[in-house]
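**Q** just need the structure, nothing else, for what follows:
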Amino acid sequence: MRVAHAPSKRAVKGTESVIAAVEALRSRGAPIELDLIEGVPNREARKRYAGADVIVDQLRIGWYGMFAIESMALAKPVVVHLDEEAAAETEEAFGLELPLVRADEADLEDVLAGLLEVRDSLPELGRRSREYVERVHAHTAVARQVLEIYERVMPISS
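**A** Take a look at the predicted model:
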């Protein structure tokens, strides 16, 4: 299984924990490799994301960002640390389950080991990730949400 991780800032993203988790699994003979993507042009980075089986975003912040959205748009499963309360509120607001694999620095090794066990199901999770991005983050979806907010705040009278 190829795991991609592209930290903008290693300390913020928990990169050392990503490296340690993959190395620990490899030392036990697990078929896993890490593609640490840093300092390359966006075009090359996107090709490498597309070649991964799993993307690890951040393990400290508590929410996902543009890297996760871009990865989900490529139909990749994304591992990320999520604040549980924010995740629950988001799922309720959109009526959708977040298709993200939840992990933090303490349990990343176990989470990746679990993904290795269900590797055949990763493309399906990637497909759900793509659908989520299309429904929640596509420019048309965002525009619709903004218009709904405007209409609640400043109703148009006829």
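
**Q** least trustworthy helix or strand in this protein by mean pLDDT?
**A** helix 139-153 (a mean of 70; mean pLDDT, DSSP states H and E).

**Q** quick one: low-confidence parts of the protein?
**A** Scanning the chain for pLDDT under 70 picks out the ranges 139-143, 145-147, 157-158.

**Q** what segments of it are strands?
**A** Using DSSP state E, the strands of the chain run over residues 2-5, 33-36, 54-56, 78-80, 101-102.

**Q** now those in a markdown table, with distance to residue 86 and mean neighbour count?
**A** All C-beta spots, glycine's among them, are computed from the backbone N, C-alpha and C. Below are the strands of the chain laid out as a markdown table (distance: least, C-beta to C-beta, whole Å; neighbours: other C-beta atoms under 10 Å):
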| stretch | distance to residue 86 | mean neighbour count |
| --- | --- | --- |
| strand 2-5 | 22 | 22 |
| strand 33-36 | 28 | 16 |
| strand 54-56 | 19 | 28 |
| strand 78-80 | 12 | 25 |
| strand 101-102 | 12 | 17 |
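
**Q** good, we can wrap up now.
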